[in-house]
Every structure is written in structure tokens, then in C-alpha cells.
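> need coordinates for the below:
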Amino acid sequence: MNKSLAALMIASAICGGAPIARADFIEVDISSYLNGNVLLGAITDPVGLSYGNANTGIPFETYAYGANGYMGSAFLAGTSSPGTSSALTINLSSYDITGESSFYALLNNYYGTLGQDEYNVVLTFSGGGSVTYESIGGVDTRDYNQNTVNTISDTTTTWFNNGQGQRLDVREFLIPTQYQSSQLLSIAIDQLDSNDPAFLSGLTFSTGVPASFVSEPSSFALFGVGVLSVCLVQFQRRRGAKQGQSATRMNCRATA
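Predicted coordinates:
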């Protein structure tokens, strides 16, 4: 097989959409923080390592809570005192999470209120840095009952739907670039609205390119076109050289 043909085959494979390696994930063990469960139905509860059923590509390790086998969650008790919060803090220092651009959480409200800042998510990094994410009802977070708060932003989507009116949402949190080189030490959820308790069912970090992001097909096509162009030029040059050699031989024969 000549080099030009081999290059063409490689380029064709690239343009044809070679498989893209999926990201690896770190699923955080939140079993020690569980204090209740989400009733989605004993048969359909996604307990254990699961990708849900809504094709998000994000895995979570979930745990059963109590004797009934339902999926456990960390429920946050509300507070009615202005300026105070009820917080859940998860220590992440043992996971050595450094250099991440995003992470994912199964986060919902038990009840939701449109436009209300219901809870905040706070990340703490090595070096003393921290970042806070608001959770506005109908914008960043919604309740697990599909017949109430249903609108949502593009960083939150359904991860699991039981087909009976309840869902679990996966929310993607984008980490600011100035913190991406620092180690993530903890995540805290501060409950702000006493009427809309949040609950956490899973926490996952991506150790590579997030599964929700893939290279654009146009990038592969452009690369393939470049390879094909180089091969075509080489082929034309060789063909031109051979034709020149043939014409020289013919002129020599005619002269003789």
C-alpha cells in the first residue's frame, strides 16, 4: 500500500467520525450525609451506579436509605430567620479534585417557588478561594414534581424521569477559570428558603472533557479536508513528474 492511499484511508476514517473517548468520572460517596429518601417508586428508583434514563451521559452513585430500598437523599431543613441558613457541607479533600472546569449534582427542591433564591451552592478551594452559585426557582433549580416549577436554564436538565410525574435533575456547575488550578476542598449547600427544602441525591466530577461536550464534527471534517488536500497535491506532483519523464523519453526516441 503506497503512502498516499494510506493517508487517504486515515483521512476517511477521521471524516467518517471515529469514536471519541468518553470522559472519566469521580462519583462522590454521599451515603453518610443521607437523612431521607426520594419516593420515585421501588421498582424504578435508580439505586447504585446509574446513568439515569434521560440520556445525559452523566453517572451518579446513589444509595438506598431505610428499609424500603428507596433512593436516599440529603434533605436540607429550612430556616425562617432572615440572614441565616441551614447548611450541608461535604468534605472533598480526600478526592484530590484539581483542574476541573465543571461538576454535576443531582439537585432538586421538594417544593419550588418561581423567582425565589431557594439555596446557594458554595465551593471552597485551597488557598482560601470560594465561589457561590445561586439557585433561583424556575431558573437554576426546580422541584421534583413536574406539575409545578418546570422552566429551567440550559445548565440543568432531567436526569431521571419515573413516568409518573416526578423527576431528578442533573445540574452542571461551571468552575471559574481562576479556581480551576486549585484543589477543591468542600462543597456546601446553604438552604435559604424555609418553604422549599433542597435535596441532594448524587455528586459527580469529570476528570476529563465533560460528557455533555463533544468536539464539533466540523473540526474533524476540516482536519480531514486538510489531510486529503496534502495527499492530492503529492499525488498531482508525482503524476506530473511521471508525465514529464514520459515526454522526455518520447522526444529522445523521435530525435534518434
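> surely residue 130 touches residue 120?
No - with contact defined as Cβ atoms under 8 Å, residue 130 does not count as touching residue 120 (11.0 Å). The C-beta positions use only the backbone N, C-alpha and C, and glycine is treated the same way.
> neighbours of the closest residue to residue 36 other than its chain neighbours, just the number please.
Closest residue to residue 36 apart from its sequence neighbours, by Cβ to Cβ, 6 or more residues apart in numbering: residue 75 at 4.4 Å. Using other Cβ atoms under 10 Å, residue 75 has 19 neighbouring residues.
> got the phi/psi numbers for residue 75?
With angles defined as degrees, to the nearest 10, residue 75 sits at phi -90, psi 140.
> what of residue 179?
Dihedral pair for residue 179: phi -110, psi 0, per degrees, to the nearest 10.
> who has more neighbours out of residue 130 and residue 120?
Per other Cβ under 10 Å, whichever of residue 130 and residue 120 has more neighbours is residue 120, with 17 against 13.
> name the residues linked to the more buried one by a beta bridge.
Applying DSSP bridges to residue 120 gives these bridge partners: residue 190.
> roughly how far does it sit from residue 32?
Distance of residue 120 to residue 32, computed by Cβ to Cβ, to the nearest Å: 22 Å.
> ok, now residue 56?
26 Å.
> ok, the two, which is more surrounded?
Per other Cβ under 10 Å, whichever of residue 56 and residue 32 has more neighbours is residue 56, with 19 against 9.
> pLDDT value on that one, please?
On the pLDDT scale, residue 56 is placed at 90.
> about what we covered before: the residue nearest to residue 36 and residue 109 touch, don't they?
No - with contacts counted by Cβ under 8 Å, residue 75 stays clear of residue 109, the gap being 10.5 Å.
> this completes my enquiry, with thanks.
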